[in-house]
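Chemist: My questions are about this predicted structure, shown below with the sequence.
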Amino acid sequence: MISSTWLAGWHITDATPTFGLRNISWSKYTDIYYSFAVPTADTRTITLNGSDGSALPSFVEQAHAHGVNAHVSVGGWGGSIYFSSSVGSAENRTLFVKAITDFATKYSLDGINFDWEYPNDQGIGCNIVGANDTSNFLAFLQELRADPVGAKLTLSAATAITPFLDSTGSALTNVSAFVSVFDRLMLMNYDIWGSWSTAVGPNSPLNDSCAAPENQQGSAVSAVTAWHAAGVPLEKIVLGVASYGHSFSVNKTSAFVPGSTTQLAAYPTFNASDFPLGDSWDNAATVPDACGLLETNGGVYDFWSLIERGYLTAEGNFTSAYPSRYDSCSQTPYVYDEDNELMISFDNAESFAAKGNFIQQYGLAGFAMWEAGGDSNDILLDSIREATGFEDDC
C-alpha cells in the first residue's frame, strides 16, 4: 500500500511559513515526490529552477535513511510548456530519455513522476500542444523503459480525472499500453471546482453521482471508474487528495438557504469578478505565471491556514464562530466568513477518512497528497492512513 505525498521544493526555503525536510513525518510515508523538475526548450536539459534544487540531494539522503522511496515529479501546472516538443520526434525522445536517466542517476532517485498537464490539451495557456502528444508520450515511455536505467526506475504519472486524450481530443477508451510502462497512475482528484466554475462546489469530491446533473463535474468515483474501464488495474491506481481548498466571494443572500441565517446553501453562486487572496502560500495576482502573464489571485487556503485564521479549531474541527456545513454526497466541508463574505470548500479529517475507506474498499494502490506542507500536525495524513489500513506506532 502506498502512502505518499508531493513535496513542493519552493516551500522549503522561500515560503512563509517554510516547510523543511525537518518537518516531514518520514515514518508515515512510503514514497515522496520532490516537485518540480521542469523540461526546457533544450530537450537535453531539465531544470530545478524555482524548486530549491540545492535541497534535493539532502532530500534523497534523508528519504533513503528513513526507508522512503525518493522520486522527482517532472512538469506541473507551470512546468509543462515543453513536454510536447520533448517527445515530439524520435530524435527528441532519445534526448529526453537521456536527460531523464542522467538526472535520475545524478540524484540517486528511485523514480520519476510525470506530471504533464496535459497531453493534447492546453493547461496554463502557453504550453506547446500537438495532436499526437499522447502517442508520442507512450513512445517516449517505451524507450525509457528499454533503457537500462529507466528499466529500474519506478515510473508514475499524475493525471487528470479522465484518461489521456487521443489525436481528436477525445478521452482514450483503451490505455492498456500505458499500463505496461507505468508502475502507477496518480489521479489528481482536486481543482474540480474553483474560480472557473459557475458555482461554489467541492474542490476534491469523493462522489458526485448523488448531486444534480449540473453539479456533476467529476469525482474520485468517476475518475477511478473511467481509468479502470480504460484498462488500468485498480491496484495500479493511486488517488490524489488535497490538503487545501478554494475560496469564493459569496454575498450573504446567496450563502444561506432562503429564510435561514445559519444553514449554508449548496452550490451557491459567487462573484466571478472578485478573486479573493488566499493564505500566505497563495498565488497573488501581482506575480507573473510561467507564461509571463498576471493571473488573478488563486484564492487557495491550505489546511493549516484554516486553523491559523480561526476558521477551524486547533484539532481541525468546525467552530461555532463561523457557519459551516458538511456535504455528505461529495464528502466535503464548507466554512463561511460572513464579515468578509468568503466561502471556502476544503477537505478535513472526515473527508480524508472517507477517501481512505474508498481506497481500501476498492483495492486501490494508495494515496498521494498535494502537498506535504498543507497539512497541520498530520491531522489529514493520520486520518487517511488509519482509514486506508496503515498501522502507526504513535
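Modeler: Now that the structure is in, tell me what you want to look at.
Chemist: Tell me the helices and strands packed up against the top helix by length along the chain.
Modeler: Longest among the helix segments of the chain by residue count, using DSSP state H, is helix 90-106. Counting contacts by 3 or more C-beta pairs under 8 Å, 6 or more residues apart in numbering; DSSP states H and E, the secondary-structure elements packed against helix 90-106 are strand 31-39, strand 46-47, strand 69-75, helix 83-86, helix 133-146. To be clear about C-beta, it is placed using only N, CA and C from the backbone, and glycine gets the same treatment.
Chemist: Select, out of these, the one closest to Ser280.
Modeler: strand 31-39 (18.8 Å; C-beta to C-beta).
Chemist: Report the angle between that closest one and helix 90-106.
Modeler: Orientation of strand 31-39 against helix 90-106 (axes from the mean of the first three to the mean of the last three C-alpha atoms, to 10 degrees) gives an angle of 140 degrees.
Chemist: Got phi/psi on Val175?
Modeler: The phi and psi values for Val175, taken as degrees, to the nearest 10, are phi -110, psi 20.
Chemist: Tell me how far it lies from Val232.
Modeler: According to C-beta to C-beta, to the nearest Å, Val175 stands 6 Å off from Val232.
Chemist: Format the CA atom coordinates belonging to stretch 165-172 as CSV.
Modeler: Presented in CSV, the C-alpha positions along stretch 165-172 are these (Å, rounded to 0.1, in the frame of the first residue of the first chain):
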residue,chain,number,x,y,z
LEU,A,165,-6.8,12.4,-25.0
ASP,A,166,-6.3,10.9,-28.5
SER,A,167,-5.5,12.9,-31.6
THR,A,168,-9.1,14.0,-32.0
GLY,A,169,-9.3,15.4,-28.4
SER,A,170,-11.4,12.5,-27.1
ALA,A,171,-10.6,10.5,-24.0
LEU,A,172,-9.0,7.2,-24.8
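Chemist: can you pull the buried residues of it?
Modeler: Of all the residues in stretch 165-172, those buried under the rule 16 or more other C-beta atoms under 10 Å are Leu165, Asp166, Leu172.
Chemist: between those, which is nearest Leu277?
Modeler: Sorting the buried residues of stretch 165-172 by how near they are to Leu277, with C-beta to C-beta, puts Leu165 at the top with 33.2 Å.
Chemist: That closest one is in contact with Asn120, isn't it?
Modeler: Yes. In this structure Leu165 lies within contact range of Asn120 using C-beta atoms under 8 Å: 4.5 Å.
Chemist: Now the common contact residues for the two.
Modeler: Shared contacts of Leu165 and Asn120, defined by C-beta atoms under 8 Å, 6 or more residues apart in numbering, comprise Asp133, Thr134.
Chemist: what about the helices in the stretch 151-300 of the chain?
Modeler: If DSSP state H, counting those that start in this stretch is used as the criterion, the helices of the stretch 151-300 of the chain fall at 176-179, 220-229, 252-255.
Chemist: which one of those helices lies closest to Ser328?
Modeler: Using C-beta to C-beta as the criterion, the shortest distance between Ser328 and these is 14.0 Å, found for helix 220-229.
Chemist: helices and strands around that closest one, which ones?
Modeler: Secondary structure elements in contact with helix 220-229, counted by 3+ C-beta pairs under 8 Å, 6+ apart, are strand 184-188, strand 237-242, helix 349-362.
Chemist: Average pLDDT for it, rounded please.
Modeler: Summarised as a single mean, pLDDT over helix 220-229 is 98.
Chemist: mind checking pLDDT for the residue lying farthest from the centre of the chain?
Modeler: Among the C-alpha atoms of the chain, the one farthest from their average position, using C-alpha atoms, centre = their mean, is that of Gly259, at 37.8 Å. Note on Gly259: pLDDT of 95.
Chemist: Dihedrals phi and psi, it?
Modeler: Geometry field for Gly259 lists phi and psi as phi 90, psi 0, criterion degrees, to the nearest 10.
Chemist: Could you shift the numbering so residue one becomes 138, and keep it that way?
Modeler: Sure thing, new numbering starts at 138, so read that last one as Gly396.
Chemist: now it: how far from Ser191?
Modeler: 58 Å.
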